[in-house]
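**Student:** below: sequence and its predicted model.
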Amino acid sequence: MNDFPKIALRFVVLVLLQVLVLNNVAFSGFINPYLYVLFILMLPFNTPKWLVLISAFFLGLTIDIFTSTVGLHIAASLFMAYSREHLLKLFAPRGGYDVVLSPTIPDMGFVWFLSYAGILTFLHHSFLFIIEVFRFDEFFSTIGRSLLSTVFTLILILISQLLIYRKK
């Protein structure tokens, strides 16, 4: 639990960045960057599943409070956190994950991280936008919005990874 201060700081920074900056960025109402998902993505491998779900709940609740949405971000964050466990099992190396490593580009490699982050971010965005619209007549525009927002969010995630984890 000596990582707790670092994880708590990451939570606060990502929420503030999302609420103060990124919620005010929307390209024609079609691309919405949600960088706060990086918090769930970067939780250590050895984090218990129940703690990942509780963390995702409070992350979604915090974003919902600041954006005046009623449970949309909670539901999407919980769906992403639940899917994370299954995706980590699917992407696990033969010997399993090393507990000292974390899901970052320097520890797991660019291709692994891009696949991991891309799938989970797309699942989060798709779930969020589908329950936001909650109609099938806008299915293709919702999926298009999910794809474009995922690409933009992934660009921000990769930039943050490259800025934070520079080679020494």
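**Tutor:** Cool, the structure landed.

**Student:** for the residue nearest to the spatial centre of the chain, give its distance to residue 137.
**Tutor:** In the chain, the centroid-proximal residue (C-alpha atoms, centre = their mean) is residue 37; its distance is 2.1 Å. Between residue 37 and residue 137 the distance is 27 Å, computed by C-beta to C-beta, to the nearest Å. Just so you know, the C-beta spots here come from the backbone N, C-alpha and C atoms, and that holds for glycine as well.

**Student:** could you list the low-pLDDT ranges of this protein?
**Tutor:** Along the chain, segments meeting pLDDT under 70 span 1, 26, 166-168.

**Student:** backbone dihedrals for the residue nearest to residue 165 when sequence neighbours are not counted, please?
**Tutor:** Nearest non-adjacent residue to residue 165, counting by C-beta to C-beta, 6 or more residues apart in numbering: residue 106, 4.8 Å away. Main-chain torsions, residue 106, degrees, to the nearest 10: phi -60, psi -30.

**Student:** count of neighbours near residue 106?
**Tutor:** Residue 106 sits with 16 neighbouring residues when counted by other C-beta atoms under 10 Å.

**Student:** swap in the one 10 residues further on?
**Tutor:** Applying other C-beta under 10 Å, we find 18 other residues in the vicinity of residue 116.

**Student:** quick one, helices of this protein?
**Tutor:** Taking DSSP state H as the test, the helices found in the chain are 4-20, 37-41, 49-67, 72-90, 105-108, 110-133, 139-164.

**Student:** just the ones you listed: most buried one?
**Tutor:** When the helices of the chain are scored by mean count of other C-beta atoms under 10 Å, the highest mean neighbour count falls to helix 37-41 (a mean of 23).

**Student:** packing partners of it?
**Tutor:** Where contact means 3 or more C-beta pairs under 8 Å, 6 or more residues apart in numbering; DSSP states H and E, helix 37-41 is packed against helix 4-20, helix 49-67, helix 72-90, helix 110-133, helix 139-164.

**Student:** look up how far residue 98 lies from the closest residue to residue 81 other than its chain neighbours.
**Tutor:** Leaving aside its chain neighbours, residue 81 sits nearest to residue 56 (3.5 Å; criterion: C-beta to C-beta, 6+ apart). Distance from residue 56 to residue 98, counting by C-beta to C-beta: 24 Å.

**Student:** now do the end-to-end distance for stretch 25-44.
**Tutor:** Start-to-end span of stretch 25-44 (C-alpha to C-alpha, to the nearest Å) is 29 Å.

**Student:** hmm, I typed the wrong one, I wanted stretch 27-41.
**Tutor:** Across stretch 27-41, the terminal residues are separated by 25 Å (C-alpha to C-alpha).

**Student:** need the residues that contact it.
**Tutor:** The contact list for stretch 27-41 (C-beta atoms under 8 Å, 6 or more residues apart in numbering) reads 10-11, 14-15, 17-18, 22, 25-26, 52, 55-56, 59, 63, 77, 80-81, 84, 103, 116-117, 120-121, 124-125, 128, 144-145, 148-149, 152-153, 156-157, 160.
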